[in-house]
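> dropping the sequence and predicted coords here.
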Amino acid sequence: SLKRGFASAAESYVEKWREWQAGLLPLDRHGAGINTYRLSTAVLATHRSSTGAAVASLSIPWGFSKGDDDIGGYHLVWPRDLVETAGGFLAAGDPAQTLEILTYLRSIQQPDGHWPQNAWLDGSAYWPGIQMDECAFPLLLADALRRAGHLADAALRSFMPMIERAASYVVRNGPVTGEDRWEEDAGYSPFTLAVEIAALLAAADMFETCGKAEPANYLRETADVWNDQIERWTYVTGTPLGKEVGVEGYYVRIAPSDTAGAASPRDGYVPIKN
């Protein structure tokens, strides 16, 4: 703007945004008030990086309780949020941006197949936790691109090493998660279980597309076994809370893990941290 003048720089800046918006699907609901569709897509886009990354949020939700010596938190790449952002771009008609995000995720995947709980744009891990849903979400993103026709066989094969490592990690380390997505507690989480099971089935389809029937069958069998156990692991009946609200049972937020298989989802204590 110093060289060309503010007006010229502003016009160029606005034009690039309008050009990008013009390429999206016309999903607007015209009427009085704010165009929430265009606003939402713009908010998603403001969080992206040219590398294909996107931070979870530019906000500081903890306000004054978060000091200047801790600049991480939401100002980082969270694989879960990144995949959900990619889903927004895909739904809005920007598969190119979605594919860039998948490519970025491939570049920051750890050698054993998992993704960091959160990371800087260069992929350097920030917090040391491992959340199993974040290890499974990229599989769902790859499958979403494939189903939408934006990941043809040749392109899919280029992502198979990432897919194989991720599926293997989920099978070897699931279904229990070391941290759930919000309270960061360990155990059986209904949310995490749903993502893991769906991801294994998605990975099985991609394995099969690439001619790998045996591992595809194994992933489906594992998903079936886990799916059959969801109620045993996470559903409770006859609790005081259930009686109070008039329901027979409900899924707990997270249930304790027990390698002996003897734990009940009625047992345990979940500290509310966030």
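In hand now; what should we look at?

> buried sites along the helix or strand containing Ser107?
Using DSSP states H and E, the secondary-structure element containing Ser107 is helix 95-108. Neighbour counts using 16 or more other CB atoms under 10 Å place 95, 97-102, 104-106, 108 of helix 95-108 among the buried residues. (C-beta placed from N, C-alpha, C; glycine too.)

> so which elements touch the next helix-or-strand element following it?
Helices and strands here follow DSSP H and E; after helix 95-108, the next one along the chain is helix 132-147. Packing contacts for helix 132-147, counted by 3 or more CB pairs under 8 Å, 6 or more residues apart in numbering; DSSP states H and E, involve helix 79-92, helix 95-108, helix 153-173, helix 190-209.

> could you export helix 132-147 as PDB, CA atoms only?
As requested, C-alpha coordinates have been extracted for helix 132-147 and formatted as PDB (Å, rounded to 0.1, in the frame of the first residue of the first chain):
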ATOM      1  CA  MET A 132      -7.900 -40.900  19.200                       C
ATOM      2  CA  ASP A 133     -10.600 -39.000  17.300                       C
ATOM      3  CA  GLU A 134      -8.000 -36.700  15.900                       C
ATOM      4  CA  CYS A 135      -6.100 -39.800  14.700                       C
ATOM      5  CA  ALA A 136      -9.200 -41.000  12.900                       C
ATOM      6  CA  PHE A 137     -10.700 -37.800  11.500                       C
ATOM      7  CA  PRO A 138      -8.300 -37.500   8.500                       C
ATOM      8  CA  LEU A 139      -9.400 -40.900   7.300                       C
ATOM      9  CA  LEU A 140     -13.000 -39.500   7.100                       C
ATOM     10  CA  LEU A 141     -11.700 -36.500   5.200                       C
ATOM     11  CA  ALA A 142      -9.900 -38.600   2.600                       C
ATOM     12  CA  ASP A 143     -13.100 -40.700   2.200                       C
ATOM     13  CA  ALA A 144     -15.300 -37.600   1.900                       C
ATOM     14  CA  LEU A 145     -13.100 -36.400  -1.000                       C
ATOM     15  CA  ARG A 146     -13.200 -39.800  -2.600                       C
ATOM     16  CA  ARG A 147     -16.900 -40.100  -2.400                       C
END
